[in-house]
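# Sequence plus the predicted model coming up.
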Amino acid sequence: MRLDKYVAHATFISRSVVQRAIRSGRVTVAGEVVRDPAEGVALTDAITLDGEAIAVTGKRYLMLHKPKGYVCANHDDRHPVVFELLPAILRSGGMHTVGRLDCDTHGLLLLTDDGDWSHRITSPRHHCAKRYRVRLADPLTPAAWQPLLDGILLHGEKRPTQPALILQTDDYTLEITIQEGKYHQVRRMFAAIGHHVVDLARLASGELVLDPELAVGEYRHLRPTEIALFMPP
Ligand code: URA
């Protein structure tokens with residue numbers, strides 16, 4: 001396969017941009033810089049772009065900066081769905097959201113067509129922490145959030161939540177890290193201590209942080225190192 005075609009397939013970057021990257025020396029094959037986009041490569045060759053290993057896996061992994069007002073579903077009668085923010089080619093073939101964010105929640109949303117990968121992020125067995133920024137209607141004192149650190153029994157649940165981590169930034173704002181992904185979990189945790197969440201944003205899933213360069217509503221393909229965060233060792 002031609003080198004430019006291989007890199008474009010692996011990274012989903014357009015062929016013309018890839019050709020410029022190759023000509024400017026940003027691509028290596030087997031450790032050597034190759035500047036000819038037409039150079040022939042094999043699927044087994046070790047290829048890097050900007051020092052990062054790339055490979056054609058056939059699977060797709062995206063990060064979306066989810067706006068408020070979009071639903072994590074394939075269809076919805078009342079609201080637009082997050083898939084409308086992707087080009088048609090990325091909506092097909094088993095592409096799904098990795099867990100769900102509420103319609104009113106914004107921030108980091110991962111999408112993929114790799115079911116094993118998404119399972120490693122969403123399954124409670126894998127303890128993948130999710131970090132959220134929470135803005136409350138009323139000021140909060142550290143004493144009030146102590147039950148969230150210990151774990152709290154939410155209405156209708158059999159077991160208390162796992163202990164959360166909390167970092168308060170001002171009277172109304174804090175970051176909370178939780179291990180699970182129960183329905184409306186963060187809003188319900190604060191409701192359980194008598195607080196109403198007025199804004200909720202997901203900042204990170206595990207070590208994968210929302211890219212600050214992504215404007216609200218934009219997506220990008222994950223880098224190989226980001227995909228590898230949730231691959232088995
Ligand atoms: N917790 C919530 O309450 N809502 C979300 O969207 C995510 C976590």
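Perfect, thanks for sending it.
# where does the chain come near the ligand, residue by residue?
Counting by Cβ under 6 Å from any ligand atom, the chain comes close to the ligand at L101, D102, T105, H184, Q185, V186, R187, L200. Glycine gets a C-beta too; all of them are placed from N, C-alpha and C.
# which among those residues end up buried?
L101, D102, T105, Q185, V186, R187, L200 (16 or more other Cβ atoms under 10 Å).
# who touches the nearest residue to the fourth one once chain neighbours are set aside in this structure?
Translated: Q185. Of all residues not flanking Q185 in the chain, I178 sits nearest, at 6.3 Å (Cβ to Cβ, 6 or more residues apart in numbering). Contacts for I178 (Cβ atoms under 8 Å, 6 or more residues apart in numbering) come out as A129, K130, Y132, T161, Q162, A164, Q185, V186, M189.
# Setting aside sequence neighbours, what's the nearest residue to G25?
V33 (5.0 Å).
# Run a quick check on the one you found versus R23, I expect a contact.
No: contact criterion Cβ atoms under 8 Å: V33 and R23 do not qualify, at 10.7 Å.
# Longest strand in this structure, by number of residues?
strand 197-205 (DSSP state E).
# CA-only coordinates of it in PDB, if you can.
Below are the C-alpha coordinates for strand 197-205, written out as PDB (Å, rounded to 0.1, in the frame of the first residue of the first chain):
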ATOM      1  CA  VAL A 197     -26.600  20.700  40.300                       C
ATOM      2  CA  VAL A 198     -27.000  23.600  37.800                       C
ATOM      3  CA  ASP A 199     -24.100  22.600  35.500                       C
ATOM      4  CA  LEU A 200     -22.300  19.400  35.000                       C
ATOM      5  CA  ALA A 201     -19.400  18.700  32.700                       C
ATOM      6  CA  ARG A 202     -17.300  15.600  32.300                       C
ATOM      7  CA  LEU A 203     -13.600  16.500  32.200                       C
ATOM      8  CA  ALA A 204     -11.900  13.100  32.000                       C
ATOM      9  CA  SER A 205     -12.400   9.300  31.700                       C
END
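# helices or strands up against that strand?
strand 106-112, strand 130-136, helix 185-192 (3 or more Cβ pairs under 8 Å, 6 or more residues apart in numbering; DSSP states H and E).
# what's the angle between it and helix 185-192?
Put simply, strand 197-205 runs at 140 degrees to helix 185-192, going by axes from the mean of the first three to the mean of the last three Cα atoms, to 10 degrees.
# got the buried residues for the helix or strand of the chain with the lowest mean pLDDT?
Lowest on mean pLDDT, DSSP states H and E among the helices and strands of the chain sits strand 52-54, with a mean of 82. Neighbour counts over strand 52-54 (16+ other Cβ under 10 Å) mark I54 as buried.
# Give me the next element, helix or strand, following that strand.
Next helix or strand after strand 52-54 toward the C-terminus (DSSP states H and E): strand 61-66.
# what are the pairing partners of the helix or strand just after that next one, and which direction each?
Next helix or strand after strand 61-66 toward the C-terminus (DSSP H and E): strand 96-97. According to DSSP bridges, strand 96-97 forms sheet pairs with strand 106-112 (antiparallel).
# Flag every buried residue along the strand it pairs with.
H106, G107, L108, L109, L110, L111, T112.
# chain center to it, what's the gap?
4 Å (Cα atoms, centre = their mean, to the nearest Å).
# any idea of the mean pLDDT in that strand?
For strand 106-112, mean pLDDT rounds to 98.
# Same check on stretch 10-17?
So the average pLDDT for stretch 10-17 ends up being 85.
# Quick check: which ranges of the chain have low pLDDT?
57 (pLDDT under 70).
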